[in-house]
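> Sequence first, then the predicted structure, then my questions.
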Amino acid sequence: MQIENDLLGYPRLKIIQDPDMFSFSIDSMLLGDFVKIKKNTKRIMDLCTGNAAIPLYLSVKTKAEIHGVEIQQAVFDMALKGVQVNHLEDQIHLHHRDLKGISKEVGKLSFDIVTANPPFFKVPNEPHLNKNDYLTIARHEVMLTLEELIIEAHSLLNNGGSFYLVHRPDRLTDILSLLRKHDLEPKRMRLVQPRRNTKPNHVLIEASKNRLEGGLIVETPLVVYHKDNWTKAILDIYNIGRDSYVTQSTKP
């Protein structure tokens, strides 16, 4: 059943979700916050857009033209409805299709920023995948591999453009090697830890197209929880005041 929610601390923004099929997660908000948008940014593409959580979040940060591509029809329909409910049709443009080859439709070398919250998991040799196809496609590389994603990001970006990715730390070796293979130089990285003394479970990466100068900046890890409450850093990402009491039961 589809429901309409506030995008947490952004009451002017609504997002359409279906708890039985697809809901946005903290991954999308972490990535949206990690993106640095310059004043001269004109076009942004969000790959694997889901229900358009990242385009909606980025619309708070910029007036730039934002595109999103989603392969699953029902999920795309939620994204489209979310854009319409927020009256953002003039800024956010959604494409229902396989993202492979999307650059031929929207323009090669024509985006300043590309973002992606893709499927995290390789398909195992003997797959025991979730019977819910929506979740299988969202979580596993059944329709799209990591390398195919990076190839498309390279095709979309103009020279010097930035690619932003959220993924799992155990895929970091693959990510860094594939980025360099396809002329996307890693420039900034931040690990995300559930709690201060736990292992990271997400990694945020920024890479620049054809910019080899400078090194990789590794930022201070982002910690999600202090005891059972979100940390101030997470409250700020969700635009929730410091006096708000958010418990683990309401985590994203």
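Right, received. Where do you want to start?

> could you pull out the strands for the stretch 51-200 of the chain?
Applying DSSP state E, counting those that start in this stretch to the stretch 51-200 of the chain gives strands spanning 65-70, 92-96, 111-116, 157-167, 184-193.

> a markdown table for these, including distance to D18, mean neighbour count and mean pLDDT?
Any C-beta I mention is one placed from the backbone N, CA and C, and that applies to glycine too. Below are the strands of the stretch 51-200 of the chain laid out as a markdown table (distance: least, CB to CB, whole Å; neighbours: other CB atoms under 10 Å; pLDDT from 0 to 100):
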| stretch | distance to D18 | mean neighbour count | mean pLDDT |
| --- | --- | --- | --- |
| strand 65-70 | 14 | 24 | 97 |
| strand 92-96 | 17 | 19 | 98 |
| strand 111-116 | 22 | 26 | 98 |
| strand 157-167 | 22 | 22 | 97 |
| strand 184-193 | 26 | 20 | 97 |
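
> nearest to L149, of these?
For L149, the closest of these is strand 111-116, at 5.9 Å, according to CB to CB.

> just to revisit the earlier point, what's the closest of the strands of the stretch 51-200 of the chain to M29?
Nearest to M29 among those is strand 157-167 (9.7 Å), distances taken as CB to CB.

> who's in contact with E219?
Residues in contact with E219 (CB atoms under 8 Å, 6 or more residues apart in numbering) are R188, M189, R190.

> circling back to that earlier point, can you redo the strands of the stretch 51-200 of the chain as JSON lines with distance to M45?
As requested, those are exported to JSON lines (distance: least, CB to CB, whole Å):
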{"stretch": "strand 65-70", "distance to M45": "5"}
{"stretch": "strand 92-96", "distance to M45": "9"}
{"stretch": "strand 111-116", "distance to M45": "5"}
{"stretch": "strand 157-167", "distance to M45": "9"}
{"stretch": "strand 184-193", "distance to M45": "14"}
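
> For the contacts of E219, please prepare TSV with the additional fields distance to I217.
Shown next, in TSV, are the contacts of E219 (distance: CB to CB, whole Å):
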residue	distance to I217
R188	5
M189	7
R190	9
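
> Please report the distance of Y238 from P186.
Here the distance between Y238 and P186 works out to 27 Å (CB to CB, to the nearest Å).

> likewise D33?
For D33 relative to P186 (CB to CB), the value is 19 Å.

> doesn't Y238 make contact with D33?
No - when contacts are counted by CB atoms under 8 Å, D33 is not listed as touching Y238 (9.1 Å).

> my guess is I44 is in a helix, correct?
No - counting by DSSP: H, G, I helix; E, B strand; the rest coil, one finds I44 to be strand, located in no helix.
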